[in-house]
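Chemist: Got a predicted structure here, sequence first:
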Protein chains: 6
Amino acid sequence: MRSFITVKLHFSAAHRLFNPAWDFDTNQRVFGMCNNPNGHGHNYILEVTVEGEIPPETGMITDMKSLKDLVEERLIRHVDHKHLNLDVPFLDGIIPTAENLAVAFWNILDPVITEGKLHEIRIHESDRNAAFVRR
Amino acid sequence: MRSFITVKLHFSAAHRLFNPAWDFDTNQRVFGMCNNPNGHGHNYILEVTVEGEIPPETGMITDMKSLKDLVEERLIRHVDHKHLNLDVPFLDGIIPTAENLAVAFWNILDPVITEGKLHEIRIHESDRNAAFVRR
Amino acid sequence: MRSFITVKLHFSAAHRLFNPAWDFDTNQRVFGMCNNPNGHGHNYILEVTVEGEIPPETGMITDMKSLKDLVEERLIRHVDHKHLNLDVPFLDGIIPTAENLAVAFWNILDPVITEGKLHEIRIHESDRNAAFVRR
Amino acid sequence: MRSFITVKLHFSAAHRLFNPAWDFDTNQRVFGMCNNPNGHGHNYILEVTVEGEIPPETGMITDMKSLKDLVEERLIRHVDHKHLNLDVPFLDGIIPTAENLAVAFWNILDPVITEGKLHEIRIHESDRNAAFVRR
Amino acid sequence: MRSFITVKLHFSAAHRLFNPAWDFDTNQRVFGMCNNPNGHGHNYILEVTVEGEIPPETGMITDMKSLKDLVEERLIRHVDHKHLNLDVPFLDGIIPTAENLAVAFWNILDPVITEGKLHEIRIHESDRNAAFVRR
Amino acid sequence: MRSFITVKLHFSAAHRLFNPAWDFDTNQRVFGMCNNPNGHGHNYILEVTVEGEIPPETGMITDMKSLKDLVEERLIRHVDHKHLNLDVPFLDGIIPTAENLAVAFWNILDPVITEGKLHEIRIHESDRNAAFVRR
């Protein structure tokens, strides 16, 4: 039997989907409305899932409060109320799709989670669209 | 007994809260994180409530599908996947708070709703914040 | 200051929107997809709101459990897992729109609520459409 | 046209519904499972609605962030992760039903809201039960 | 690290659970209220998850808009506002449980998804019941 | 292709997180607000997922109604409207974290599920925190 916890955090951000190597028409064909030059935005939901053993003396794979503080410090404060294309150094040069956000967040969190092991990063862009990466 | 219907529509947009007549520091003090110069964004939920009589031959105050088409045509397609400060002529010169969006949307919809009478416009900026205007 | 409670109940039902006095084409024009002859269906949410005084010895306008039992007995068991056009005597001859359901439910509940006074009946047909009646 | 904002906050608390002036059997008959002597608990949702004018220079009836900070300071930190019967001085001697919480919260917030006027306090005890007080 | 996207779509349909090879009493014993001869209905939620590589030039496993259009074309328009037992050729002879819907939808979508690979089909019949199939 | 069903049930309970072998300060450092001596509480959501074959004569991995009745009988009635530290024999000596609840529930349900095989137990303590165990 494997055991996991999931914490959920929120952030609100603007973004634009486009590939700067392409002309406007190609971007429009590939990204459609998401290529609006002035950007649009979302209330993102971020779910972080950690797998680990449950120590009997605490009953906690890892302390959820500390995990949330870590995610807040490493991720949320850098992206909340920001423009993902313009304001976030660790997203420089990355097209801010939900898939790429999940990968970028994984790469930041994975090395700093020390109790348990990162299992999944899931990003809900809206209540209709989500992306996730998983071991 | 009064009777009403409510339809709910969604749009995703970027915005920035600031008063161009003020300097950056005043804007920062008043609007805080919402004053990020590159903007941020939300998945907005718009609820439109219409009051009216229920005709026995249809059982409908107004056809919900037609009402949604009207809201889509007059409002949603102008704001969805847009930057509310930069891309929306009917919001020119208006600080795009949830309150002001509700008023602006009211002013557009009220004259064109002909079956029943507009009762309320409610805007959810997130699942924690909403504004509404009502007769 | 006025005080209220709301209880929320669920039921799943089939229905068809059409006026038997009209031909198929007129029904199709007025009710569109909702006129599918074999019907379609919804998970309905019913919200019942009661206004009343809060007696200091109980702190309850009315007992929510008893109110739910009453709604269950008078309404839910007659409509849950039923076809609203075919299986529900108290809806005979009524086009089962959300508006008409709200009125029919009001007419049944209003006389039998004796602690507090019925204030509102709200029917959510989906997370995009609702109707309500209110004093 | 009247205008309003609503902010939503969360707290998790234990409570027991019983009237200390009554014997156990009477409490059991009136409050049922809610009279469990060791208490039970909920994730409460608190919605605070303020009515006011929308000043053109800010577009905000009142700053939602400041309003939430006020509610956090005056209410949430006193009830979150607490036992409502045992840990909250301002609820002493009050049966902690949703109705009574709404009244107690109103009495605390109403005098300290200075931008706009408190319009409604709504408490969701679960996604099936709520109580609210309103002018 | 494996990567996935999920899109969510909605449809409203009527159905009846029964095995035509059995008599009414056997069906009633096995399917209970779901065997109501006139049917009942649900607001179904369909979640489609696709696994794939994330190409750096788009950042998208597959375009979510195109995937939704495909699901709309192949599935949703055939089941939305329909009776699943009577109106849907590809469900002929299949008892329309959530499990069987998931399998039938998988069999239709799997061959036509060409960017990435179908990973999971999940059907929510209500907010209390779901079924899913997965590689 | 593997197939699964998930049923979702709710319960409301009080709990306190602390290790009786430790002094108050250690508990406070480890469990923070969750160590409030009088406890606090949650509306828990329990998701039970069963994997199995879909028999063609029923289209059901297992009857969802019977599965819910089983979970109600074995789990929910023992924890709903209870204090998890004080009122639940099968949780004696267990710190009632979400992780430990998931394990305890697994140990009770796994032996008594006879149609299909238990695949996952997921506990949502709030809409921000969850734990799950899985084969």
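Modeler: Okay, I see it. Just so it is clear, the structure is predicted and the values come from calculations on it, not from any experiment.
Chemist: any chance you could map the helices in chain A?
Modeler: A:24-31, A:64-71, A:77-79, A:98-109 (DSSP state H).
Chemist: of the ones you listed, which approaches residue D:47 most closely?
Modeler: Taking Cβ to Cβ, helix A:64-71 is the member of the helices of chain A nearest to residue D:47, at 23.6 Å. The way it works is simple: take the backbone N, C-alpha and C, and place the C-beta from them, glycine included.
Chemist: Is the closest one in proximity to chain F?
Modeler: Yes - applying Cβ under 8 Å from any Cβ of the partner chain, one finds helix A:64-71 touching chain F at A:64-65, A:68.
Chemist: Which of the residues you listed are buried? Put it as a PyMOL command.
Modeler: A single PyMOL command is used to select the members of these judged buried by 16 or more other Cβ atoms under 10 Å in any protein chain shown:
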select buried, chain A and resi 64+68
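Chemist: Pull the number of nearby residues for the closest residue to residue A:67 other than its chain neighbours.
Modeler: By the measure of Cβ to Cβ, 6 or more residues apart in numbering or on different chains, the closest residue to residue A:67 outside its immediate chain neighbours is residue A:7, 5.5 Å from it. Look at residue A:7: counted by other Cβ atoms under 10 Å in any protein chain shown, it has 19 neighbours.
Chemist: Do I have it right that residue A:7 meets residue A:60?
Modeler: No - using Cβ atoms under 8 Å, residue A:7 makes no contact with residue A:60, being 11.9 Å away.
Chemist: For the residue of chain A most remote from its centre, give me the pLDDT.
Modeler: Most distant from the centre of chain A: residue A:57, at 31.8 Å, with distances by Cα atoms, centre = their mean. Residue A:57 is assigned a pLDDT of 97 by the prediction.
Chemist: mind checking how far residue A:42 is from residue B:114?
Modeler: Distance of residue A:42 to residue B:114, given as Cβ to Cβ, to the nearest Å: 34 Å.
Chemist: who has more neighbours, these two?
Modeler: residue A:42 (25 against 8).
Chemist: who's in contact with that one?
Modeler: Contacts for residue A:42 were tallied using Cβ atoms under 8 Å, 6 or more residues apart in numbering or on different chains; they are A:12-13, A:15, A:125-126, B:12, B:41-43.
Chemist: Quick check: beta-bridge partners of it?
Modeler: Here residue A:42 sits in beta bridges with residue A:13, as judged by DSSP bridges.
Chemist: gap between it and residue A:131?
Modeler: 12 Å.
Chemist: mind listing what the nearest residue to residue A:10 once chain neighbours are set aside touches?
Modeler: Nearest residue to residue A:10, sequence neighbours excluded (Cβ to Cβ, 6+ apart): residue A:45, at 5.8 Å. Residue A:45 is in contact with A:8-10, A:123-124, counting by Cβ under 8 Å, 6+ apart.
Chemist: With respect to residue A:49, which of those residues is nearest?
Modeler: Closest to residue A:49, out of all of the contacts of residue A:45 and judged by Cβ to Cβ, is residue A:8, at 10.0 Å.
Chemist: That closest one: neighbour count?
Modeler: Neighbour count of residue A:8, defined by other Cβ under 10 Å: 19.
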